[in-house]
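> next come a sequence and a model predicted from it.
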Amino acid sequence: MTERTNSGRFIAVLGGKVKNAGKVFILGTLGFLGAGLLLSGCKSAPELTQANAQALIQAKYDETPAVGANIAVDQLGLGEGVSAKYWERGVLYPNRYWADFKLTPEGKKVLKLSNGGDVLQWRPENAEDKRYSVVVVTVAANHLKAQDLKDVQDETVPGVSTAKGVSFSEVVNLDGVPGPLAGIAHNPGNKLSTKRQADFSFENGAWKLHSIE
């Protein structure tokens with residue numbers, strides 16, 4: 001009876017150790033597998049270089065329809081347009097600072113008026129009004145350009161697990177615009193470059209453009 005009791009105790013103890021060892025083994029295996037999955041899930045995304053980021057932004061711009069550039073014509077530009085023979089003065093109003101300028105055939109080849117028609121109506125508030133301008137649109141149509149990218153940085157984007165961001169300049173493209181009209185576009189009052197922020201997301205093994213703000 002004593003041997004049976006001791007044997008039973010021994011088997012019970014041994015059985016307990018075997019069970020505990022089994023639990024430890026199973027837990028260890030699960031822990032190892034879990035760590036493997038964790039490491040697999042946290043595998044770092046490939047580097048997003050400035051060149052890659054610029055290509056993604058430019059591809060987005062190139063997808064949109066090409067459009068003419070808006071150019072503000074101030075008092076300086078008005079005279080430059082006359083010299084370039086883009087328009088010529090027609091009616092001069094009694095106040096001596098209002099006037100109508102008719103687009104020439106040469107002018108119609110390179111620009112359009114934002115309000116349609118072929119008469120540029122010059123209507124400043126007074127003779128000393130230096131802020132007045134009218135808007136013309138280039139006939140040459142282009143896509144915006146992404147330039148002057150800064151360093152690509154880690155970014156936090158809602159709904160995106162892995163994100164990068166970069167600031168850059170969105171630049172008006174004047175390709176195909178003749179020199180005199182491009183010169184008017186560089187006069188004060190025109191904004192040919194705008195600071196933007198582009199965010200990127202890593203999806204399905206590749207970087208994608210998420211948004212431009």
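Structure received.

> did I read that right, Pro65 in a helix?
No - using DSSP: H, G, I helix; E, B strand; the rest coil, the assignment for Pro65 is coil, not a helix.

> what sits closest to it if chain neighbours are left out?
Nearest residue to Pro65, sequence neighbours excluded (Cβ to Cβ, 6 or more residues apart in numbering): Ala141, at 8.0 Å. C-beta coordinates here come from the backbone N, C-alpha and C atoms, glycine included.

> give me the contacts around the host helix or strand of that neighbour.
Counting by DSSP states H and E, the element that carries Ala141 is strand 134-142. Strand 134-142 is contacted from outside by 65-73, 109-114, 120-122, 172-177, 181, using Cβ atoms under 8 Å, 6 or more residues apart in numbering.

> adjacent strands (with direction) for that strand?
Here strand 134-142 has these sheet partners by DSSP bridges: strand 67-73 (antiparallel), strand 111-113 (antiparallel).

> please pick the buried ones from the contacts of strand 134-142.
Buried subset of those (neighbour count, 16 or more other Cβ atoms under 10 Å): 68-69, 71-73, 110-113, 120, 122, 172-174, 177, 181.

> list the contacts of Ser133.
With contacts defined as Cβ under 8 Å, 6+ apart, the neighbours of Ser133 are Ala72, Val73, Asp74, Gly77, Gly189.

> make a markdown table from those and add distance to Ala53 and pLDDT to it.
Listed next are those as a markdown table, based on distance: Cβ to Cβ, whole Å; pLDDT from 0 to 100:
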| residue | distance to Ala53 | pLDDT |
| --- | --- | --- |
| Ala72 | 31 | 97 |
| Val73 | 35 | 98 |
| Asp74 | 36 | 97 |
| Gly77 | 35 | 98 |
| Gly189 | 31 | 93 |
